[in-house]
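Chemist: okay, sequence plus prediction incoming.
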Amino acid sequence: MIDRIVRSIENIPAFPATIQKVTELLSRDDYAVSEVAGVIKYDQSITANILRMSNSAYFGVRYKIRTIQDAVTYLGRQNLIRAVQTAGISRFFAGTPKGYVSRAAELWKHSVAVALMSQILSRKIFNREDAILYTASLLHDVGKVILGEYVQESFRIIEEMVTKEGHSFLEAEEKVIGINHADLGGKIAVHWNFPPEIKNPIAFHHNPNRLDKADQTSSWLVYLADQACLMMGIGGGTDGLAYRGLGEAGKMFNLKTRDIEGAMILLTEDLERARDLTDIIQS
Amino acid sequence: MSDIVIGIADLRVSKNVNDALVTYALGSCVGVAVYDPVVKVGGLLHYMLPESAIDRNKAQGNPEMFADTAVPLLFTSCYALGAQKRRMVVKVAGGANLIDDVHCFRIGQKNLTALRRIFWRNRVMIDAADTGRSCNRTMRLNLDTGAVFVRIAGGTMEELK
């Protein structure tokens, strides 16, 4: 079974080149609006999604955005990167099979929520936004897109291991299917040639403590953002909260329960404003 | 029967026997269903956090978010439709936690403790509950009978009694 799963990674479409190109262009200090817009327009689905999202209250733009040119001009660098990533990455979540969730839209909503939460935490702890962290967060559960089918087949066994034998959902996936969704996500990240800064938080979002100390930070942030969204039941799936809580999570950034509660309140507000992002996938 | 969906940090009450109040994806959040069988008035609350002290401003605009501001609002909203406290049947679901969550984020447990404290102080008994563990729950209250159903994600609807 595991061979079949790993082989199916090869069938995952390439990661949209547009995202990479735009991110690269925007990393320069003197990017040309027309050049960035030109790259985006080349990708029809990203273009359509960006136009749908750009007037979202989450981005807080005061002008009415009607064209990609407007979006590049008015969104600002951080928002534009986020919009392009969200618009492009959503295609991989459009066909999420059952197993974890009953509708593809639920896993997508969870992914966007974790991405928004990662920025809330990054602002709180480091006082900055973090585009790489945003990408990793949006993709942290991408392994579920493949594994869902197998989880559905073996759901009763997995469920029994979790409820009767005290295994976490991750451990049960590993025992029953042979691989867990985080490791599988890591392999998808390799298939897309992602750097370790994106691959690691995907592969270790349930156990950042297994990474070398120096590489743990963004994995902990994705871990915390994910846990908070699981607690809030956002896009809540059959796996529920059946993952191990790690004692060092709070200490890592000196976070108290009230900090997490405060972040959860902020997330409810962000999600309200970011409805155009979560609504990209509706079924 | 028409379903009225209650989102996170929200509550609805009704005296229409054709209504069903439903809330999805209770993780650490808690759902509280109350029902007066004599006048057939009921309400369903989905709160997220235990104490409004963490954000007074938020509690002003969205009292449904916190146990200590939401629970009184649930009861008074039912009284306004003719329900009486001594007849109210109270059922609770949710308050899940991560597995061996030894660190400081036991929000599910804190949510339930806060609820018990409020009920204790106001002499309210919980008639049935399905709480804790590590699962997501859907909760449903039918206004015609007051029956409450809970479904654990991946499972089937079971009556909570």
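Modeler: Now that the structure is in, tell me what you want to look at.
Chemist: CA only for contacts and neighbour counts going forward, please
Modeler: Fine.
Chemist: what lines up beside the worst-scoring helix or strand of chain B on mean pLDDT in the sheet?
Modeler: Least confident helix or strand, chain B: strand B:2-5 with a mean of 94, by mean pLDDT, DSSP states H and E. In the sheet, strand B:2-5 lines up against strand B:19-26 (parallel) (DSSP bridges).
Chemist: which residues sit in contact with residue 68?
Modeler: Looking at chain A here, since you left the chain open. A:37, A:40, A:41, A:47, A:50, A:51 (Cα atoms under 8 Å, 6 or more residues apart in numbering or on different chains).
Chemist: that answer is for a different chain, and I need it for chain B
Modeler: B:50, B:51, B:52, B:114, B:115, B:118.
Chemist: again, but for residue A:47
Modeler: Neighbouring residues of residue A:47 by Cα under 8 Å, 6+ apart: A:40, A:41, A:68, A:87.
Chemist: neighbour-wise, which of those leads?
Modeler: Counting neighbours by other Cα atoms under 10 Å in any protein chain shown, residue A:40 leads these with 24 neighbours.
Chemist: quickly note the distance from that one to chain B.
Modeler: 36 Å (Cα to the nearest Cα, to the nearest Å).
Chemist: next one, pLDDT for that residue please.
Modeler: What the model reports as pLDDT for residue A:40 is 96.
Chemist: now the strand or helix carrying it: how far from the chain's centre is it?
Modeler: Using DSSP states H and E, residue A:40 sits in helix A:33-41. Mean-position distance between helix A:33-41 and its chain equals 25 Å (Cα atoms, centre = their mean, to the nearest Å).
Chemist: what packs against it?
Modeler: When contacts are defined as 3 or more Cα pairs under 8 Å, 6 or more residues apart in numbering or on different chains; DSSP states H and E, helix A:33-41 sits against helix A:17-26, helix A:44-53, helix A:68-75.
Chemist: output those in CSV; the columns should cover mean pLDDT and distance to residue A:198.
Modeler: Formatted as CSV, the helices and strands packed on helix A:33-41 follow (pLDDT from 0 to 100; distance: least, Cα to Cα, whole Å):
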stretch, mean pLDDT, distance to residue A:198
helix A:17-26, 93, 13
helix A:44-53, 93, 21
helix A:68-75, 94, 24
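Chemist: quick one: which of the ones you listed is nearest residue A:277?
Modeler: helix A:44-53 (5.9 Å; Cα to Cα).
Chemist: flag every buried residue along the closest one.
Modeler: A:46, A:47, A:48, A:49, A:50, A:51, A:52, A:53 (16 or more other Cα atoms under 10 Å in any protein chain shown).
Chemist: give me the number of residues near the residue nearest to residue A:282 when sequence neighbours are not counted?
Modeler: If the residues on either side of it in the chain are set aside, residue A:282 comes closest to residue A:105, at 5.4 Å by Cα to Cα, 6 or more residues apart in numbering or on different chains. Here the count is done by other Cα under 10 Å, and residue A:105 has 22 residues near it.
Chemist: after the biggest helix by length in chain B, which helix or strand is next?
Modeler: Assignment by DSSP state H gives helix B:107-121 as the longest helix of chain B. Once helix B:107-121 ends, the next helix or strand along the chain (criterion: DSSP H and E) is strand B:128-131.
Chemist: list the buried ones in that following strand?
Modeler: For strand B:128-131, by 16+ other Cα under 10 Å, it's B:129, B:130, B:131.
Chemist: ok, it: who's next to it in the sheet?
Modeler: Short version: by DSSP bridges, strand B:128-131 pairs with strand B:89-94 (parallel).
Chemist: kindly report the residues of the stretch 51-200 of chain A close to chain B.
Modeler: Proximity of the stretch 51-200 of chain A to chain B is confined to residue A:168 under the rule Cα under 8 Å from any Cα of the partner chain.
Chemist: again, 10 Å this time
Modeler: A:99-102, A:152, A:155-156, A:159, A:162-163, A:166-169 (Cα under 10 Å from any Cα of the partner chain).
Chemist: quick one, helices of the stretch 51-200 of chain A?
Modeler: A:68-75, A:77-89, A:104-126, A:131-138, A:143-153, A:155-163, A:169-177, A:181-191, A:196-203 (DSSP state H, counting those that start in this stretch).
Chemist: relative to residue A:261, which of these is closest?
Modeler: Taking the helices of the stretch 51-200 of chain A one by one with Cα to Cα, helix A:104-126 is closest: 11.5 Å.
Chemist: by contact count, what packs against that closest one?
Modeler: helix A:77-89, helix A:131-138, helix A:143-153, helix A:217-231, helix A:257-273, helix A:275-278 (3 or more Cα pairs under 10 Å, 6 or more residues apart in numbering or on different chains; DSSP states H and E).
Chemist: do you have the strands of chain B handy? List them.
Modeler: With strands called from DSSP state E, chain B shows them at B:2-5, B:10-14, B:19-26, B:30-36, B:41-47, B:89-94, B:128-131, B:137-142, B:148-152, B:157-159.
Chemist: just tell me which of these ends up closest to residue A:82.
Modeler: It's strand B:19-26; of the strands of chain B, that one is closest to residue A:82 (Cα to Cα) at 26.9 Å.
Chemist: need the winner for burial among the helices and strands packed on helix A:104-126.
Modeler: Compared across those, helix A:217-231 shows the largest average neighbour count, a mean of 25 (mean count of other Cα atoms under 10 Å in any protein chain shown).
Chemist: with just CA atoms, put the least confident helix or strand of chain B into CSV.
Modeler: C-alpha atoms of strand B:2-5 as CSV (Å, rounded to 0.1, in the frame of the first residue of the first chain):
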residue,chain,number,x,y,z
SER,B,2,-35.8,23.7,9.1
ASP,B,3,-32.2,23.7,10.5
ILE,B,4,-30.9,26.9,12.1
VAL,B,5,-27.1,26.7,12.1
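Chemist: just the residues contacting it, thanks.
Modeler: Outside strand B:2-5, the residues that touch it by Cα atoms under 10 Å, 6 or more residues apart in numbering or on different chains are B:11-14, B:16-24, B:44, B:140-142.
Chemist: ChimeraX command for the buried members of the residues of the stretch 51-200 of chain A next to chain B?
Modeler: The buried subset of those, as determined by 16+ other Cα under 10 Å, is captured in ChimeraX by this line:
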select /A:99,100,101,102,152,155,159,162,167,168,169
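Chemist: would TSV of the residues of the stretch 51-200 of chain A next to chain B with distance to residue B:71 be doable?
Modeler: Shown next, in TSV, are those (distance: Cα to Cα, whole Å):
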residue	distance to residue B:71
A:99	35
A:100	32
A:101	30
A:102	31
A:152	38
A:155	36
A:156	36
A:159	33
A:162	32
A:163	31
A:166	33
A:167	35
A:168	33
A:169	33
